[in-house]
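Colleague: give me coordinates for this.
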Amino acid sequence: MKSSRVVFIALASLAFMAVPSRGHAVLPNSDVVVHSTSAATISMDAFRAGTLDRQGTLDLASICLASGRTQDESEIANKIVLLYPGDEDILRISILLFENASQADKALPFYEQLRKRHPDDTKLTLDAARAYSWAGRLTESLNLFDVVIDSGNGNDLVMSQYADVLYENKQYPKAVMKYRELWKKGSLQKKQAINFVNALMAAGGQAESAKMLDSLAKLYPGDTEVLQATADVSFAMKEYGRAAKLYRELIVNKNKPADLAVNTWIADVAMARSDYPEVIKINKEILELSPENQKAMLTIARASSWQGDYPTALAYYDKLIASSNPDPLYSREKARVLGWMGDQRSSLSLYDTALGAYPKDKALKAEAEAKKNYYSNTYRPAVRAYKAWLVAEPKQPEALFDLGQFYLQNGRWKEAIGTYDELLTEVPDHRQASLARQKAKVTSSMININSGAEYFSAHSSRGQTYKGKTDVSFSGFYTALSYPFQDRFSGFLNLNSKSYSFKDDLQTTNVIDPKTPQSKGITLGLEYRNLPDILLRGAYGYRQNSGDLKDSGTGFLETESQPLDNLHLGLSYHKEDVISNYTTLQNHLQTNHWQGRLVYDGYRRWHAGIDYAVDHYSDSNSSVTTGMDITANLLYDPQRLSVTYRLQEYGFGDDADRIPQADYWTPSSFTTHTAGIEWQHYLSKERFQGANAAYYTAAFRLSLEPKGNVSHQIHAGLHRDWSNRFSAAVEAQYTWDTTSSIYEDKLIKAEFQWFF
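Modeller: Residues are numbered from 1 along each chain as shown. Below is the predicted model of the structure:
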């Protein structure tokens, strides 16, 4: 046998015997004669010059393997197989060279050539299986391990390596089975035992993993790897206090108070507990040790934003964006925070700036488009944009949460729940998604009762020449029950009872005769909701009045649609009683009220609408009412301050010559101009679709009426969600005119909503 073959076989045998279960081949230097550096350099020069023969090339490869010169190993391996294709000795030593240079993927074709020549060589198959695992091709590695095991050569070493590959391939139940067999035999190394613990956790075997850790702690007392595994398992089991304690012990055991990795884990525990002040404190300590640590700065920025400290969050995002090696993610997250703050214009501007810096970043482009449509409140383009974002970044939590929120605020319960489920599969501890999903589930699947009590009083033209235009007071109770038949189809039943009080002017005696009739009503209806495409709602009602007052039938049909983005169209027909005073009730006056309304919703900051209504009364009168209005939200989030203006024209016509005159309107047309300011203040910390909310509202309006009269109105309300299933609200309103006795109304109402 030639000397080169002897050298090669000796080296190869040592190399294959020394291959660790995870890593690359390493040759023990003590068993190899190492040539001098000058000789190796000369040999490399000769190799590069092409003056080395086959024997010299093999010798040079052996020297490089023994001395660990990985750069030379890679250079030799890449060239040697081209010089001597198909040479088995060359193939084998090339495998060693590539593996020793941590380039196991390049060795795989040579393994396949050798396996074709020696299909029954178990050792060669096993070596190939290990190489495939090092290269990350786990499925092929497992297939080769199966070949070795099926041939009856599955000893404990092979089975432990097989279990390691199963673990890396996330086949946790099978890995657990193999590890358990080896553990019972006492054949597991420490690292493999720790893998066993982690596989048990992933497969749901928390109790067994805890016992394993107790055993490992006894086998390896004070071992930092076992202590770290125990801390990791405690963290995975959400035993956050114990995990933090163990991580701190790890710092003591390592005798490295400034251990950045362990401090980062402690910060992760605090983050999992939503202890944002602690997260920020620990990461600031990390920054004292490593001032340019971008992970610490990013964590501080995130934690600050999540606890509402937006200035601090923005400051750290600015540092990250200005760093020497910024990531597009920093601009994206800062833009999100600006959006949470309600500064949507700055948010979109930052997205545009980031797109200019990173024009090829598909995820950035998709997110920018999605957020633009989200802020615009354009349903269809927003949904398309978010789905495009999720194609660019599958399972992206921000995209999934936003999309779920968009579905929820548009009443798309099924889509909202499905989106939240997808997010919670990816991020099980996403509390906001969990709360929003619960709200959507309750709203879409449970019976809803809305019940309340109210008092209302309205009077007009009550001077010496009382005309009875408006004179009505009542107190009443109502209950509305809604039953969901399916996701978009529901039925409802409304019951109400009212006790009226009228003051009837007996003009012949100038005496006020009070009238106090009772009225009870029932309404049955159906609703189909599939917005933004269409909403249809219809109902029939029956009202029973006391005494000799006639009973009446009422009803309505309503439809709503969004034919174009941000354009809302509503059409309705209502047949209802006109109860302005006792006379209209006594005469059984009813109206057929037809109305259309068109609203443009502009970027959440403002909206404008126009409407047109026609009333045909049962006494052959009719009226036309037209109006237009605009609302500007000076503040949008987290508090809302809005200013409103409405122009309203009442087209009653001139009834001066009509006998008798209608006693439920002003005898001529007129126009009003109404301006108002509205404030909504949230008392709850969290403000997102699906969160339990508590807020109060306050509004003040001035209306300019004919002949210089000014009408004033104040309105206030308080709403509180006590739970996902129960909420309560109260509101009050008072309207009065500058000129006395023209018009006045009062309203007090309290109601609760309950899902069961």
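Colleague: domain ranges for the chain, per the record?
Modeller: According to automatic domain parsing, the chain comprises the domains 1-153, 155-253, 258-325, 327-377, 395-445, 446-755.
Colleague: how far off centre is the third one?
Modeller: It refers to domain 258-325. Computed by Cα atoms, centre = their mean, to the nearest Å, the separation of domain 258-325 from the middle of its chain amounts to 22 Å.
Colleague: re earlier: export the domains of the chain to JSON lines and tack on distance to residue 383 and mean neighbour count?
Modeller: In this view, the C-beta of every residue, glycine as well, is placed from N, C-alpha and C. As requested, those are exported to JSON lines (distance: least, Cβ to Cβ, whole Å; neighbours: other Cβ atoms under 10 Å):
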{"stretch": "domain 1-153", "distance to residue 383": "37", "mean neighbour count": "17"}
{"stretch": "domain 155-253", "distance to residue 383": "32", "mean neighbour count": "18"}
{"stretch": "domain 258-325", "distance to residue 383": "26", "mean neighbour count": "18"}
{"stretch": "domain 327-377", "distance to residue 383": "8", "mean neighbour count": "19"}
{"stretch": "domain 395-445", "distance to residue 383": "7", "mean neighbour count": "19"}
{"stretch": "domain 446-755", "distance to residue 383": "10", "mean neighbour count": "16"}
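Colleague: in CSV, list the ones you listed along with mean pLDDT.
Modeller: Converted to CSV, the domains of the chain look like this (pLDDT from 0 to 100):
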stretch, mean pLDDT
domain 1-153, 70
domain 155-253, 84
domain 258-325, 87
domain 327-377, 93
domain 395-445, 93
domain 446-755, 88
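Colleague: spatially central, which residue of this protein would that be?
Modeller: The chain has residue 401 as the residue nearest its centroid, 1.5 Å off, counting by Cα atoms, centre = their mean.
Colleague: pull the contacting residues for it.
Modeller: Going by Cβ atoms under 8 Å, 6 or more residues apart in numbering, residue 401 touches 423, 430, 432-433.
Colleague: go with 6 Å
Modeller: Residue 401 is in contact with 423, 433, counting by Cβ atoms under 6 Å, 6 or more residues apart in numbering.
Colleague: ramachandran coordinates for it?
Modeller: Dihedral pair for residue 401: phi -70, psi -50, per degrees, to the nearest 10.
Colleague: wait, residue 560 sits on residue 534?
Modeller: No: counting by Cβ atoms under 6 Å, residue 534 is not a contact partner of residue 560; they are 7.4 Å apart.
Colleague: anything in contact with each of the two?
Modeller: Counting by Cβ under 6 Å, 6+ apart, nothing touches both residue 560 and residue 534.
Colleague: export the domains of the chain to JSON lines and tack on distance to residue 385?
Modeller: Formatted as JSON lines, the domains of the chain follow (distance: least, Cβ to Cβ, whole Å):
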{"stretch": "domain 1-153", "distance to residue 385": "34"}
{"stretch": "domain 155-253", "distance to residue 385": "32"}
{"stretch": "domain 258-325", "distance to residue 385": "23"}
{"stretch": "domain 327-377", "distance to residue 385": "4"}
{"stretch": "domain 395-445", "distance to residue 385": "9"}
{"stretch": "domain 446-755", "distance to residue 385": "12"}
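Colleague: out of those, nearest to residue 388?
Modeller: The closest of these to residue 388 is domain 327-377. By Cβ to Cβ, the value is 4.9 Å.
Colleague: ok now the closest one, how far from the chain's centre?
Modeller: With Cα atoms, centre = their mean, you get 16 Å for domain 327-377.
Colleague: residue 574 against residue 556, yeah?
Modeller: Yes: in this structure, residue 574 is within contact of residue 556 by Cβ under 6 Å, at 4.4 Å.
Colleague: helix/strand/coil for residue 720?
Modeller: strand (DSSP: H, G, I helix; E, B strand; the rest coil).
Colleague: relative to the whole chain's centre, how far out is the helix or strand where residue 58 lies?
Modeller: Element membership for residue 58, per DSSP states H and E: helix 54-67. From the chain centre to the centre of helix 54-67 is a distance of 58 Å (Cα atoms, centre = their mean).
Colleague: after that helix, which helix or strand is next?
Modeller: With DSSP H and E, the next secondary element past helix 54-67 is helix 70-83.
Colleague: how big is the angle separating that following helix from helix 54-67?
Modeller: Relative orientation of helix 70-83 and helix 54-67, computed by axes from the mean of the first three to the mean of the last three Cα atoms, to 10 degrees: 150 degrees.
Colleague: alpha carbons of helix 70-83, in CSV - could you do that?
Modeller: Presented in CSV, the C-alpha positions along helix 70-83 are these (Å, rounded to 0.1, in the frame of the first residue of the first chain):
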residue,chain,number,x,y,z
THR,A,70,-9.6,26.0,7.8
GLN,A,71,-9.0,28.7,5.2
ASP,A,72,-6.5,26.5,3.4
GLU,A,73,-8.7,23.4,3.9
SER,A,74,-11.6,25.1,2.0
GLU,A,75,-9.3,26.3,-0.8
ILE,A,76,-7.7,22.8,-1.2
ALA,A,77,-11.1,21.0,-1.1
ASN,A,78,-12.7,23.3,-3.7
LYS,A,79,-9.8,22.6,-6.1
ILE,A,80,-8.7,19.1,-5.4
VAL,A,81,-12.0,17.5,-6.6
LEU,A,82,-11.7,19.3,-9.9
LEU,A,83,-8.1,18.0,-10.3
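Colleague: please enumerate the helices of the stretch 151-300 of the chain.
Modeller: Listed in chain order, the helices found in the stretch 151-300 of the chain under DSSP state H, counting those that start in this stretch are 156-168, 172-185, 190-202, 206-219, 224-236, 240-254, 260-272, 276-289, 294-306.
Colleague: name the nearest residue to residue 47, ignoring sequence neighbours.
Modeller: residue 60 (5.7 Å; Cβ to Cβ, 6 or more residues apart in numbering).
Colleague: roughly how far apart are the residue nearest to residue 278 when sequence neighbours are not counted and residue 453?
Modeller: Distances taken as Cβ to Cβ, 6+ apart place residue 270 nearest to residue 278, at 4.0 Å, with adjacent residues excluded. Per Cβ to Cβ, to the nearest Å, residue 270 is found 48 Å from residue 453.
Colleague: please report how far the closest residue in space to residue 228 that isn't next to it in sequence lies from residue 226.
Modeller: Leaving aside its sequence neighbours, residue 228 sits nearest to residue 250 (Cβ to Cβ, 6+ apart; 5.8 Å). According to Cβ to Cβ, residue 250 and residue 226 sit 10 Å apart.
Colleague: hey, what's in contact with both of the two?
Modeller: With Cβ under 6 Å, 6+ apart, residue 250 and residue 226 have no common neighbours.
Colleague: which helix or strand contains residue 547?
Modeller: Here residue 547 is assigned to no helix or strand, by DSSP H and E.
Colleague: contacting residues around it?
Modeller: Applying Cβ under 6 Å, 6+ apart, the residues contacting residue 547 are residue 517.
Colleague: residue 641 reaches residue 633, doesn't it?
Modeller: No: Residue 641 lies out of contact with residue 633 (Cβ under 6 Å); the separation is 7.2 Å.
Colleague: A strand includes residue 451, no?
Modeller: Yes: under three-state DSSP, residue 451 sits within a strand.
Colleague: who's in contact with it?
Modeller: Residue 451 touches residue 479, counting by Cβ under 6 Å, 6+ apart.
Colleague: state the distance from it to residue 491.
Modeller: Where residue 491 is concerned, residue 451 sits at a distance of 17 Å (Cβ to Cβ).
Colleague: could you do residue 276 as well?
Modeller: 46 Å.
Colleague: isn't residue 133 right up against residue 141?
Modeller: Yes: assessed by Cβ under 6 Å, residue 133 is found in contact with residue 141 at 4.0 Å.
Colleague: which neighbours do these two have in common?
Modeller: residue 165.
Colleague: what about the strands in the stretch 351-500 of the chain?
Modeller: For the stretch 351-500 of the chain, the strands defined by DSSP state E, counting those that start in this stretch cover 448-460, 470-484, 489-506.
Colleague: could I get those strands as CSV with distance to residue 55?
Modeller: Below are the strands of the stretch 351-500 of the chain laid out as CSV (distance: least, Cβ to Cβ, whole Å):
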stretch, distance to residue 55
strand 448-460, 89
strand 470-484, 85
strand 489-506, 86
